[in-house]
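Visitor: test case, fold it:
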Amino acid sequence: MRVLHVITGLGVGGAEQQLRLLLRHLPVGCDVVALTNPGRVAEGIRRDGHRVAHLGMTGNRDLSALPRLTRLIRDGGYDLVHTHLYRACVYGRTAARMAGVRAVVATEHSLGSAQIEGRPLTRSARALYLASERLGGATVAVSETVARRLRDWGVPGQRIETVPNGIEPARFRFHPAARRRARALLGLPRDAFVVGGVGRLVPGKRFDVLVRAVAALPDARLVLVGDGPQRDALLRLAAALGAAERVVLTGERDGAVAEHGGAEPGLPALLSAMDVFVSSSPEESFGLAALEALAAGLPVRHVTCPAVDELPASAAPDARRIRPGVPELVAELRAVRDEALPRRPVPAAVRRYDIARSADRLMDVYTSVSARVDAAPLRPAPAPR
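Guide: Numbering: from 1, shown residues only. Alright, predicted model coming up:
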């Protein structure tokens, strides 16, 4: 089986890094095409041995991309097309059918209750999504929360398959040497209480809550891993609160690849440097960063995290759901600091979300969709009038 993955872009992000991990575990030949923005993840996918093409799409309404994508799919002789993220799903499903590929799977990574991929949900966006969804064979949800949202949005339940996101747990294992090195490179005292967060620096992630909470704890430091349009605003807030020297913004760090001993610590080393991980976002489709933190043995405090919330509490005893707000978070951080427990054992939730299991489940979806396509008779072309 030859599979083409179509994704909107390949900058550092959860969906993009998840695709790279899946490619390393899927037992089929895979190529990738990015509609736009072939960033750092594209470089990593190429290093892993997969071909990556860039379509050069200039915007959401660049319809010239459709025939180019159709031609690429047809010339590649692919058996199945797998699309990721909203724009790629709309264009990719349409192009696949135009190219004669009837086995089409789409993964919905970022559907929230009021937004999709950080953009407000509109009636027109929903209509376009549902129209293109009918061209595919299955829509994959990365959590039961996303599956429910898809059903509420109008996707028929029998067309939805749940394949959770996954991680490579061993990459995030806590290492004392990595902790010491990362703290030294970031200018953090060896005995400091370090609060951490990971994600794109956008208003919806509510990282301002972390800045305010850490500012209220004079002995605490904050390490935020990620980049985005709110970076300068967060730095200004930290300065206004008198905490500028205690807030570190590292920029983007790729956690999907192994450490190479470079000058900058990667995400696994940065997690080793933290003492507690906080996800302050009020809406998540899975909660990949929180899961990576659990794999690093960190206590996790989250406002919402489907990866944990959908499991029994015993699967992740060191992950606790908290109410949104600065006073609540300050109280939680004080409790974690005062408890001063050693690194936690890796919980059962991490083993449940091993990327190898996700790849096996996805292969079942590929097989099922391909079998249905093979069994369905081709519709005859309409008779000329």
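
Visitor: residue 31: which element?
Guide: Taking DSSP states H and E as the criterion, the element that holds residue 31 is strand 29-34.

Visitor: for the stretch 251-385 of the chain, which spans come out with low pLDDT?
Guide: 254-263, 375-385 (pLDDT under 70).

Visitor: what's near enough to touch the closest residue to residue 243 other than its chain neighbours?
Guide: Spatial nearest neighbour of residue 243, excluding adjacent residues (CB to CB, 6 or more residues apart in numbering): residue 215 at 3.9 Å. All C-beta atoms are positioned from the backbone trio N, CA, C, and that covers glycine. Residue 215 is in contact with 238, 241-243, 246, counting by CB atoms under 8 Å, 6 or more residues apart in numbering.

Visitor: helix, strand or coil for the residue lying closest to residue 104 once chain neighbours are set aside?
Guide: Spatial nearest neighbour of residue 104, excluding adjacent residues (CB to CB, 6+ apart): residue 136 at 4.1 Å. Secondary structure for residue 136, judged by DSSP: H, G, I helix; E, B strand; the rest coil, is coil.

Visitor: pull the number of nearby residues for residue 136.
Guide: 25 (other CB atoms under 10 Å).

Visitor: how close does it get to residue 209?
Guide: 38 Å (CB to CB, to the nearest Å).

Visitor: now, the contacts of residue 215 that are in helices?
Guide: Among these, the members falling in helices (DSSP state H) are residue 238.

Visitor: narrow the contacts of residue 215 to those that are buried.
Guide: Burial by neighbour count, 16 or more other CB atoms under 10 Å: within the contacts of residue 215 this picks out 238, 243, 246.

Visitor: can you give me the mean pLDDT across stretch 144-154?
Guide: The average pLDDT for stretch 144-154 rounds to 91.

Visitor: contacting residues around it?
Guide: For stretch 144-154, the external contacting residues (CB under 8 Å, 6+ apart) are 108-109, 111-113, 126, 129-130, 139, 141, 157, 160, 162, 285-286, 306, 309-310.

Visitor: can we see that at 6 Å?
Guide: Stretch 144-154 has contacts (CB atoms under 6 Å, 6 or more residues apart in numbering) with 108, 111, 130, 141, 157, 160, 162, 285, 306, 310.

Visitor: list the contacts of the second one.
Guide: For residue 111, the contact set (CB under 6 Å, 6+ apart) comprises 146, 149.

Visitor: who's it bridged to?
Guide: residue 116 (DSSP bridges).

Visitor: when you give positions from now on, start the count at 19
Guide: Yes, from this point I'll number from 19; that puts the last item at residue 129.

Visitor: distance of it relative to residue 313?
Guide: 25 Å.

Visitor: give me the longest helix you can find in the chain.
Guide: Per DSSP H, the chain has its longest helix at helix 373-393.

Visitor: and it, how far from the chain's centre?
Guide: Centroid displacement of helix 373-393 relative to its chain, using CA atoms, centre = their mean, to the nearest Å, is 21 Å.

Visitor: what comes up buried for that helix?
Guide: For helix 373-393, using 16+ other CB under 10 Å, the buried residues are 373, 376-377, 380-381, 383-384, 387-388, 391.

Visitor: before we move on, what about stretch 217-228?
Guide: Buried residues in stretch 217-228, counted by 16+ other CB under 10 Å: 217-219, 222-228.

Visitor: ok, stretch 158-166 next?
Guide: Quick answer for stretch 158-166 (16+ other CB under 10 Å): 158-161, 163-166.

Visitor: of those, which belong to helices?
Guide: Using DSSP H, the members of the buried residues of stretch 158-166 that fall within helices are 163-166.

Visitor: can you give me the strands in the stretch 169-318 of the chain?
Guide: 178-180, 211-216, 238-243, 265-269, 294-297, 318-320 (DSSP state E, counting those that start in this stretch).

Visitor: tell me the mean pLDDT over the first one?
Guide: When pLDDT is averaged over strand 178-180, the result is 96.

Visitor: no further questions, thank you.
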